[in-house]
Structures are given as C-alpha cells and as structure tokens.
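Engineer: model the following, please.
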Amino acid sequence: MIDSGDFDFSFSGLKTSVSNIADRISQKANDKRLTINDKQNLAASIEQTIIDVLVKKTMAAVKQYSVDQVMIAGGVAANSYLSAELRRTSHVNVFSPSSHNIFCTDNAAMIAAAGFFAKGPINPLELQADPNLSL
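Structural biologist: Numbering: from 1, shown residues only. Got it, this is the predicted structure:
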C-alpha cells in the first residue's frame, strides 16, 4: 500500500495479517501464547507501519497539490507520534489538537450525530440507517 502511487489507504486487512503473524510466532515457539515482549513488539511494528503509510501518502499529497498546511483531525489526531513524524518529515505547518482534547474522537461519532440531526428530532431507538442521506 505504501508504494501504490495514490492517496488511498485502508487498514481493514491489518487485523487478519496481525492474527496470522501472531499465529506464526506462536507456532515457532511451540506455544500458543505470545509473551508481553512479543505483543509490545508487534504493536509497535503495526503502529510504525501505519504511520509510515500515512506520512508518505500525506507528503505525496502535499507535494502534488502544493499545500503548506496539513491538519490532523478525528481519532488519529490523538496519536502524538503521528503528529511528530509529520512535523519531522515535512516542510509544512502541521496542525493537530492536543491529544487530551475532547475533539480527538472517532469520526464515526460525528457522522452518526450529523445523520441524527439531519433526520430531525426523532426517537433514537426508531432511527434507521440511510446510506443515501445527503448531509
């Protein structure tokens, strides 16, 4: 994904890949449990991989569109390592809220709220999904 040449990214297959890696590690050790050290190394590797992809694709977009500012928002904004890496590798201003900010939440909550308010005041228990809702 990191060298795909586009700005798309999806980490939906990551869970399966991580599970497969964890299984292989366990099989090599003839044990079905990962050590704390194994788990920490695996988590750090996953985070580094995701950040590498996000930084590379963001910097490619910065270059292609000649922008001088980048804003990190949503749940990913709570990752201080991502913010630091973007600042370290770029020549642009990088804006992100404090990781302790109440606005560092997952975008799904914002989308759900927008859908709720777009439908008008109705009982939330009666709210139905509308994939074609225009916001």
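
Engineer: quick check on Asn93: phi, psi?
Structural biologist: When quoted as degrees, to the nearest 10, the phi and psi of Asn93 stand at phi -80, psi 130.

Engineer: quick one, phi psi at the closest residue to it other than its chain neighbours?
Structural biologist: Distances taken as CB to CB, 6 or more residues apart in numbering place Gln69 nearest to Asn93, at 4.7 Å, with adjacent residues excluded. Using the backbone N, CA and C atoms, a C-beta is placed for each residue, glycine as well. When read as degrees, to the nearest 10, the backbone of Gln69 gives phi -140, psi 140.

Engineer: what do you get for the one 3 residues further on?
Structural biologist: The phi and psi torsions at Ile72 (degrees, to the nearest 10) take the values phi -100, psi 130.

Engineer: what number of residues lie near it?
Structural biologist: 18 (other CB atoms under 10 Å).

Engineer: show me what contacts the residue nearest to it when sequence neighbours are not counted?
Structural biologist: Spatial nearest neighbour of Ile72, chain neighbours left out: Ser96 (4.0 Å); criterion: CB to CB, 6+ apart. Shown in contact with Ser96 (CB atoms under 8 Å, 6 or more residues apart in numbering): 71-73, 77, 83.
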